[in-house]
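Colleague: Starting from these lines, generate the structure:
(2 chains)
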2 protein chains.
Amino acid sequence: MPPSTHQAFLFFFFFLNIFLTSSSHPFDPLGQPELTQVQTIVTSFISSSSSNSSNQKIHFHYVGLDEPDKPAINSWLSSSTSSSNLPPRQAFVIIRVGKQTHELKVDLSNNSVVSNKLYNGNGFPTITSEELEIANALPLTYPPFIAAMEKRGLKMEEIVCESCTVGWFGEKETSNRIVKIVCYYMNGTVNIFMRPIEGIIVVVDLDQMKVTGLSDRAIIPVPKAEGTDYRQQNEAEGEGRFRSSLEEKVVMQQDEPNFSIDGHTVRWENWEFHLAFDMRAGPIISLASIFDPEKETYRRVLYRGFLSEIFVPYMDLTAEWYFRVFFDAGEYGGGLCTVPLQPLTDCPPDAKFMDGYFPNQDGSPAKTPNVFCVFERDAGDILWRHTETGIPNKLITEVRKEKTLVVRTVLTLSNYDYIVDWEFKKTGVITVTVGATGLLEVRGTEYTHTEQIKEEAYGKLLAENSVGANHDHFLSFYLDLDIDGESNSLVKTKLETKRVDGNWSERKSYWTTVSESAKTESEARLRVGSGETQLVFVNPNKKTKIGNNIGYRLVPGANVGQLLSDDDYPQIRGDFSKYNVWVTPFNKSERWAGGLYVDQSHGEDTLATWTNRDREIENKDIVLWYTLGFHHVPCQEDFPVMSTLNGGFELRPYNFFEQNPVLHAKN
Amino acid sequence: MPPSTHQAFLFFFFFLNIFLTSSSHPFDPLGQPELTQVQTIVTSFISSSSSNSSNQKIHFHYVGLDEPDKPAINSWLSSSTSSSNLPPRQAFVIIRVGKQTHELKVDLSNNSVVSNKLYNGNGFPTITSEELEIANALPLTYPPFIAAMEKRGLKMEEIVCESCTVGWFGEKETSNRIVKIVCYYMNGTVNIFMRPIEGIIVVVDLDQMKVTGLSDRAIIPVPKAEGTDYRQQNEAEGEGRFRSSLEEKVVMQQDEPNFSIDGHTVRWENWEFHLAFDMRAGPIISLASIFDPEKETYRRVLYRGFLSEIFVPYMDLTAEWYFRVFFDAGEYGGGLCTVPLQPLTDCPPDAKFMDGYFPNQDGSPAKTPNVFCVFERDAGDILWRHTETGIPNKLITEVRKEKTLVVRTVLTLSNYDYIVDWEFKKTGVITVTVGATGLLEVRGTEYTHTEQIKEEAYGKLLAENSVGANHDHFLSFYLDLDIDGESNSLVKTKLETKRVDGNWSERKSYWTTVSESAKTESEARLRVGSGETQLVFVNPNKKTKIGNNIGYRLVPGANVGQLLSDDDYPQIRGDFSKYNVWVTPFNKSERWAGGLYVDQSHGEDTLATWTNRDREIENKDIVLWYTLGFHHVPCQEDFPVMSTLNGGFELRPYNFFEQNPVLHAKN
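Modeller: Modelled structure (predicted):
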């Protein structure tokens, strides 16, 4: 690098450092200037390193805040002059240079690369958006593919393609970084996923960025486009086949919301938490704390919580489908796949929006505008109520309305849109709801009627020539609980039937509770569903005045378990789907339930492999991993768009407060 | 009866008949004039009958519409001049006269008693409100009770009492109609349920209406009143310990709701249904039908749906508690226990309200004003959305907001308030949600700290001297499905893991679906929870164009099963709680899952006994019974009021439509 350029960089750094001090919270995500700074530091470092003498291009696959250690956070939190006590700002960076994966730690406070590690294990980092865009276009200029489309009588200008990750199916040799590309035929619709061109796969090597294979197995009818377009603008006036007879009400925007966002810190009613964007996880909630009116202080519930992985195995074993066992968050980047939220439709009128920043492939900063919205929800629900009719000559009715605070994000992973809502309630409840909507992955087929189906169809016929493939969604949530402090335990409380021995009672049975604290990881791997075991995370070092363990209950919604065989390759990689509940001792490196490098991973760095050590989890700083599952057997109502299907869970105070904290809430 | 009086009656009847013709729908509930008419007819009939020569008082325990037979309803529905074709208006009446229970059918169109049957079986009808009121006051003037209170140092003017049904515990002899009365000490609070006077029970015979027993077993401290009052008016200015910092937003009432209520028929978007009040069931939804934009007609989903029974067994075997195994709907009257909904708090500002009519004990009409509210809910949810990023140079985002229609009722059964929401969605989904809130039943105890508890406490210590008793809630919903017609079947679709034999696939496993139609009642008794069996109610005589069975899926929310032993007396009476799903062939007499006469019943007339016949249910007019269960292990947050805890289920179209019916919904 010529010296003059180098001096320019130094000046630039100085300028950035001034800017940096405006970062007010150690969990604040890297902003635009910081991303630029990381780009500069890393580019300079790699360019000057001996390993990159040929000046190969650097691709940034991940740049995010390298989370400060807990003692540094706690020290910052307890300091009165918080700005002076900020832990050093560091970035964790994953780049590819010359077909190699580097992990770097970059210190932004002194513009240095703290560490640079070559990753030689199995699996690859998140694919960049630019790689996908370029790869998707390659078949369209690849002569054998063009010939195959001509053979089918399809117009090239109506074809769009999408890259699928290829998974791992027991191959021993070191793999190339490839994707398999499947294509769709627009011709008359933008609903490409209802128009698959089946039987043909193009293989692209992402590092070489060229086509390395084509399999043209069969010609299968492309389902017809008619009626699949979902755009409102495409409907002729009056075409909407049912509509409100009355005009839409005018919704007035409120002047001021009932919550505040100060930097990344959100405050509403009795809650306070930090909200950050990460290009892999999407939204990260940190330091969620609730005000205790008796103790007159905020008490911690959640140190850090985020969506760790999304595993979507399809149940279709045909040649063009068997490998569709996606790890959406790790392969495509959960945060990278967030989409800008639409005011008034994705979020209510008085929502406030935040932007998310992440690096382009070249490291320069990019932005998803409106990546989060925060709004107060008034769904017409009731917080608590009672009508007292038992006191003579008195009728008492007291009702308090439920209002909650919602943080919403939408992740669009190709066809699927996941609406992820973190909802905070005055009662202390945190509800996480995932709404699955968007478009199905449909397989083209000869079938036009169910009577023609004589063999395994791997799904359900939804329209002529269209099979909706059976599949699952398993979402793993990372929940580093701090129930009123760092050291927590999982108490499993089983409801057990007791028989009455003898005649001392008119009853013959009742149930009572038997509680047991989970000592090691293996005792905390659980499926939920029967409702006969209640799971409470307690702080075993603290009790209420009358002696109950201070805790929070995990309250699962309807949920499902994994049906794949344990030894099946997708399941080895996605083994976090085997149980709904896992508990690990906190370990900074254990964040991604399917592994850090999940694209083409072999399942060596997963939640299940970590817990095989069977570490102690009693009275420790523990992490709850909750797997939320959906089995999806498609039906015709899922075609050509899917209405939102919700699933979720709650964290609910359980002897956390001395009494109901909303007794004195007003409407 | 003197002739002059008789003539007056005839004139009155004539007047009523004119009024009657304004009843426009055969499912309309009996209005005020009709209730008066029933009172008159029945009083006249009984007074003139030889069996009532001594002119004993008539107590009306139930008066409701005697549901017309299905052919009459269908004939009315298919008739163009519906008013002329109304089936005869008939009432079903249960009265007690001279310690005997009569079942009568009264024809309102010709002022006649069609049938009068003496009921000689076990069990008694719903207790009247007046009986409860009088019985509750009896201990307060009963000298031994007054002496017992003096012994405890309690002021009589601060004591209020409540009647508990007594259940059945295997007694062979014919029982008297009794209640056991428990009392509470207000002194400083209106939250009576936090202030039980333990160890003492007063027995009252309801037919004699006098005290017949008193058991004074032990003196136990009455929990202190401090901090238990939940009335807002009782809070000093500024006492509310956390409150919104900003002023409450002004909510403007909308001019016109987006739905219509025509008599008892509710229309909203693509839905139409009839909503009626019944003094036992509360809200009854009838003839719920959804408009099909392709077929351009309304298609039936639900012939009739209502809450059939609520079984609340407590798990406390002490002398004053073992019998608390309430059948709330049948013993106290689910509709009788509805409370007037408060505008702006129980229901949103633009809700519309309906009143409910029922007879007083003497048969004269009474009213619960605002017994239902109907409102359009906009919770900020998303009906469906998709962002399409896969088409080069195009970014498509389409979002449709979710709005739903809610019918809300609140049943207050002594301490507990049940919020029952029937929610209709444009997608065709019907969601039933039950919110449990109100006050716990707390047992007084010597304990002031958990360390003192060395033996079975039958619950959890929630405050000093206050144990929250472990208990369950099981709600049975009667759902007479008509999925696109009367003849339906239950198809159980099991998701089964398939191993790959040989090496023909890179995968080792997948899951597929195996469907089986339930042939008889025993094949339809199911617990839900694992999510591995999907339950679809189909019309086996109708298919979609491409050949799928037209159906609706039952989608359970989180649910629990019964833990009591099968041979325990409460469980024999409440055996509907053993399974979450039951299916029976339609039988007009089978409406109440715990029996028509559930107070002190012996479990002879229950859902389980009916299904023991194991009748055929395939391609029949069938009824789905869904049991929604809650296990409640109380925690301190439930004290002194409980925040709302929700449970529920959905009926969701599953190949009912040719495609997603909301593709063309507008925001």
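Colleague: Show me the helices in chain A, by range?
Modeller: Under the criterion DSSP state H, chain A carries helices at the ranges A:3-20, A:32-48, A:70-78, A:129-137, A:143-152, A:328, A:569-573, A:607-611.
Colleague: any idea how far the second one is from the chain center?
Modeller: I take that to be helix A:32-48. Distance of helix A:32-48 from its chain centroid, counting by C-alpha atoms, centre = their mean, to the nearest Å, is 28 Å.
Colleague: list the buried ones in that helix?
Modeller: A:33-46 (16 or more other C-beta atoms under 10 Å in any protein chain shown). Quick note: C-beta positions are derived from backbone N, CA and C, even for glycine.
Colleague: Just give me the closest of the residues you listed to chain B.
Modeller: residue A:35 (21.3 Å; C-beta to the nearest C-beta).
Colleague: In contact with that closest one, which residues?
Modeller: A:63, A:357, A:358, A:359, A:363, A:364, A:365 (C-beta atoms under 8 Å, 6 or more residues apart in numbering or on different chains).
Colleague: what's near enough to touch residue A:632?
Modeller: Neighbours of residue A:632 in contact, by C-beta under 8 Å, 6+ apart: A:436, A:470, A:471, A:472, A:473, A:645.
Colleague: Now render the helices of chain A as CSV, adding mean pLDDT.
Modeller: Formatted as CSV, those follow (pLDDT from 0 to 100):
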stretch, mean pLDDT
helix A:3-20, 39
helix A:32-48, 96
helix A:70-78, 94
helix A:129-137, 97
helix A:143-152, 98
helix A:328, 97
helix A:569-573, 98
helix A:607-611, 98
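Colleague: in chain A, what residue sits furthest out from the centroid?
Modeller: residue A:503 (55.6 Å; C-alpha atoms, centre = their mean).
Colleague: Need the pLDDT of it.
Modeller: Per-residue pLDDT puts residue A:503 at 91.
Colleague: Contact partners for it?
Modeller: Counting by C-beta under 8 Å, 6+ apart, there are no residues that residue A:503 touches.
Colleague: measure residue A:299 to chain B for me?
Modeller: 13 Å (C-beta to the nearest C-beta, to the nearest Å).
Colleague: Check residue A:534 too.
Modeller: From residue A:534 to chain B the distance is 6 Å (C-beta to the nearest C-beta).
Colleague: what's the answer for residue A:593, then?
Modeller: 20 Å.
Colleague: Check residue A:435 too.
Modeller: Taking C-beta to the nearest C-beta, one finds residue A:435 at 6 Å from chain B.
Colleague: beta partners of that residue?
Modeller: residue A:419, residue A:646 (DSSP bridges).
Colleague: Identify the residues contacting it.
Modeller: By C-beta under 8 Å, 6+ apart, the neighbours of residue A:435 are A:418, A:419, A:421, A:644, A:645, A:646, B:381, B:382.
Colleague: For these, which PyMOL command selects only the ones that are buried?
Modeller: To isolate the buried subset of the contacts of residue A:435 in PyMOL, counting by 16+ other C-beta under 10 Å, use the following:
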select buried, (chain A and resi 418+419+421+644+645+646) or (chain B and resi 381+382)
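Colleague: Pipe the contacts of residue A:435 into TSV and attach distance to residue A:625 per row.
Modeller: Shown next, in TSV, are those (distance: C-beta to C-beta, whole Å):
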residue	distance to residue A:625
A:418	18
A:419	21
A:421	19
A:644	25
A:645	22
A:646	21
B:381	27
B:382	27
